[in-house]
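# sequence below, structure please.
(chains A and B)
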Amino acid sequence: MADAFDVLVIGSGPAGYVCAIRAAQLGQKVAIVERERLGGICLNWGCIPTKALLRSSEIWHLMQRLNEFGFSAENFKFDLPKIVDRSRKVAQQLSNGVAFLMKKHKIQVIAGEAKLAGKGMVAVTKDGKATEYSAKNIVLATGARARSLPGLEPDGKLIWTYREALVPDTFPKSLLVVGSGAIGIEFASFFHTLGSKVTVVEVLDRVLPVEDEEISSLAAKAFAKQGMTIKTATTVEKLEKTNGSVTAILKTKDGKTETLTVDRVISAVGIVGNVENLGLEQAGVKVEKSHVVIDQWGATGVPGIWAIGDLAGPPWLAHKGMHEGVIVAERIAGVKGTHPLDTSKIPGCTYCWPQVASVGMTEVKAKAAGRKIKVGRFPFIGNGKAIALGEPEGLVKTVFDAETGELLGAHMIGAEVTELIHGYTIARTLEATEAELAATVFPHPTLSEMLHEAVLAADGAALHI
Amino acid sequence: MTTNILMPALSPTMEEGTLTKWLVKEGDEVHSGDILAEIETDKATMEFEAVDEGRIGKILVPEGTEGVKVNQPIAVLLAEGEEAGAAPDIEAAMASIKTAVDEEAKTPAKQPTGSPQKEVPDARGESGGGVKPDKAPPETGGDGQRVFASPLARRIAAQKGIDLSSLSGSGPRGRIVKADVEGARVSATPAQPRAAAAPSPAPAGTSLAGIAPLPDARAYFKPDDYEEIPHDSMRKAIARRLTSAKTLMPHFYLTVDCQIDELLAARARLNAASPKEGGYKLSVNDFVVKAAAGALIRVPEVNASWTDNAILRHRHADIGVAVALDFGLITPIVFHAEEKGLATISAEVKALAERARTKKLKPAEFEGGSFAISNLGMYGIRDFTAVINPPHAAILAVGAGEQRAVVRNGKVEIATVMTVTMSCDHRVIDGATGARFLQAFKLFVEDPAALLL
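Now for the predicted structure:
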């Protein structure tokens, strides 16, 4: 038996490494086990490298509009391997950053594959050799991976998951994206902007189905205007692989069958938790629908075993995992005043073009919950900074409880909205009402003024529309 | 080593108090047992003694501050040879006090990189600050306490008529948030900001939702036509406890007339026999206390307290005697009254009443008890009903002894009659049980010799 720890975290994604840091801050002796690279999917194969790719496609998009901004250039090209290389370097830099943070906080990093091995014990296997560690608290943070649907199994060559799509060996001239959630739409945006002919298939009746219906509809219109093909209420019946291309058989809502031949397919049909080979069953940890069941504090019900992040269920967002990591670390250390996570205060961001961001209830959900609401809307066209940026399309929308003034939800689409949503998230967390938001001074000229206007608009008092 | 001197809990139920007076100043040496300050709780003023020795480095809460929460740092104690300015803990302690924060802004931190938070043992509740107390110290203003609540909580409270000062906050550092207001029952008192006096949250199962709040009395009068007397902590406590008691306890009332001519005669004989030295002067009320103690032992069902899952039947008759004060009302307790003689009871009641009037009672002397007596006979009140003072299950309201016409053996005669009415908590005491108690009480009052049985 090797070392004994106060806290041993399995998985070094954003949930895991943040939990480890917080536990170390609180004086715990901490270890973290990682089977691949520090930082998990987020840093290496998710949030960060996709943002690097999307930055390249954004620049490409602006280059198409050089004339509009007073430039002229000819024969400019993109170099896919360089774009991908930059994305990988960004990921590498941040993974090194996590290694530094672990060192700084004296967290022991253990490489290998971990498995629960009896009460307070974890076995870590590396190169066929297992070492056992004991820990008073074990935090499961093994994350999730792409879901694979029967008949649509990714092969890594013609049918990609996010993993292959992040490091494309070739630029697909045509692309089918299955699933219009955040992951699917972000890749659709990236490849479409660079010139790929992209078709997005969504089984539900709208794209970005978790977003407010109005925002979904505006997003669908924007994508269609850019030339992307969106097929909602459509399923992929079959994928036939031929040499270098894939023929998809699609079934629309009214039962019609269509065929579509593309160079590549990206499957983005959701994720499943990494619950396998962890010894969960023997340990008595309850798993439901591929996720570990936890209480509001991240406890699994088995004393000394906690779960956080994607493994512990939706929403599958890095920032949700990080907060859970902090909560669990504080519960373990006995910090007073820790509050459980309120998922209605977690913002969601999609970095497609145009960007989409939201927090709290959609208008439809607020109505369904029986709330008497008032809705404020403010379009980008009424904002000076948006016009100056050349980004006059988009909308900021607020949903307030008409009686109490509670900000039930906020939804936005347009340039840089992912950098704006936190304003409303803070308002929700502080329980500000429309009165405090209306009394807040927003700097001019910024896109953030739209946050203010959308609040005023809920009372019919928007100034610039 | 610097130590924070914390606001003490001077009684089990104390949550906050007023720091009336500092008896030490910054720079004073103190030793264990020295009186540091006077602290007023809702019922009494108490002296706060030093536990450790050292030198007062900094007084964090000025005297006269109301609503100082228990465990809030009120001063910093320095060990020998330490300088106030050099101690990082002082800065840390200051961070939790607004006034101190202001001072800190004027003096740059002594350590090149350290923010004050770094020196605090890590106990942050939310992301960010290193402030230790889970509940924030209230900021005090001229007109009382500031209530920390979110804007949404404030609005919902105003709409529902909930008094925010009656709630405790579950948000960061005790901030009242929406969930706290939604979890609160609608109070029966008007929603007056900072006016206090609403029932504290009730035990589950006794919802009062749907009862409209009472209107703010100010609405009916011109501001020039009245004087506003802000509630002191005793007034708030009376309002809170008795509103809860009368709202949540099903009261019922039993009245009986007692002929006390025998009692008066016995009293006169005993008082006349009082020795010159160490003498006594028994009052009618002393006999009432003794008779009640006897009755409580004979009918122990009345000597009880309600809890959610059990009735507590008390082994001793600990009788609270209501004492009227210029500034309110308090009920000091004669403990083990069943074991005490009349002279002892008499002396104790006198001493307790005197200490109550000078606010010198210790909480242990007025908190708890198993029964209470309220006597308004000296004011000529013939009969009245009293509100039970929890944790008691009953209270005896005693009227004046007066000559009345009574029918005895078919003839109208004159007798001295004292009417008593007992308020009973029906959850604990049933009608017949209460009646048996009053029978015993009547026997002991009408024939004090029976107390010898």
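# isn't A:Gly384 up against A:His444?
Yes - A:Gly384 lies in contact with A:His444 (Cβ atoms under 8 Å); the separation is 7.3 Å. The way it works is simple: take the backbone N, C-alpha and C, and place the C-beta from them, glycine included.
# who does the longest strand belonging to chain A pair up with?
Determined from DSSP state E, the single longest strand within chain A is strand A:129-140. According to DSSP bridges, strand A:129-140 forms sheet pairs with strand A:4-10 (parallel), strand A:121-126 (antiparallel), strand A:305-307 (parallel).
# now what about it, what contacts it?
Strand A:129-140 has contacts (Cβ atoms under 8 Å, 6 or more residues apart in numbering or on different chains) with A:1-11, A:16, A:19, A:31, A:110, A:112, A:116-117, A:120-124, A:278, A:280, A:285, A:292, A:298, A:300, A:304-308, A:311-312, A:325, A:328, A:332.
# do you know the pLDDT at the closest residue to chain B within chain A?
Nearest residue of chain A to chain B (Cβ to the nearest Cβ) works out as A:Gly337 at 2.7 Å. As predicted, A:Gly337 sits at a pLDDT of 82.
# which of the three states applies to it?
Each residue gets one of three states, and A:Gly337 gets coil by DSSP: H, G, I helix; E, B strand; the rest coil.
# name the residues of the longest strand of chain A that are buried.
Within strand A:129-140, the residues scored as buried using 16 or more other Cβ atoms under 10 Å in any protein chain shown are A:133-135, A:137-140.
# quick check: the farthest pair among those residues?
The span of the buried residues of strand A:129-140, defined through Cβ to Cβ, is set by A:Ser134 and A:Leu140 at 16.2 Å.
# so where's chain A shaky on pLDDT?
Chain A contains residues with pLDDT under 70 at A:1-2.
# so what are the domain limits for it?
Using automatic domain parsing, the domain ranges for chain A come out as A:4-146+A:272-333, A:159-269, A:354-458.
# establish whether the shortest one and chain B are in contact.
Yes - counting by Cβ under 8 Å from any Cβ of the partner chain, chain B is contacted by domain A:354-458 at A:403-406, A:430-433, A:435-436.
# if any of these are buried, put those into a ChimeraX selection.
Buried residues within these, by 16+ other Cβ under 10 Å, are selected in ChimeraX with:
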select /A:404,405,406,430,431,432,433,436
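# is B:Thr18 located within a strand, as I assumed?
Yes - checked against three-state DSSP, B:Thr18 lies within a strand.
# tell me the predicted confidence for it.
86.
# hmm, it is touching B:Ser233, no?
Yes - contact criterion Cβ under 8 Å: B:Thr18 and B:Ser233 qualify, at 6.6 Å.
# list the contacts of A:Glu419.
Contacts of A:Glu419 (Cβ under 8 Å, 6+ apart): none.
# element containing B:Asn271, please.
For B:Asn271, the element it lies in under DSSP states H and E is helix B:261-272.
# give me the residues contacting the helix or strand following that helix.
Using DSSP H and E, the helix or strand that directly follows helix B:261-272 along the chain is helix B:284-298. Applying Cβ under 8 Å, 6+ apart, the contact partners of helix B:284-298 are B:260, B:263-264, B:266-267, B:302-303, B:317, B:319, B:321, B:334, B:337-338, B:340, B:342, B:345-346, B:349, B:370-371, B:373, B:375, B:377, B:396, B:398, B:401, B:418, B:420, B:437-438, B:440-441, B:444-445, B:448, B:450-451.
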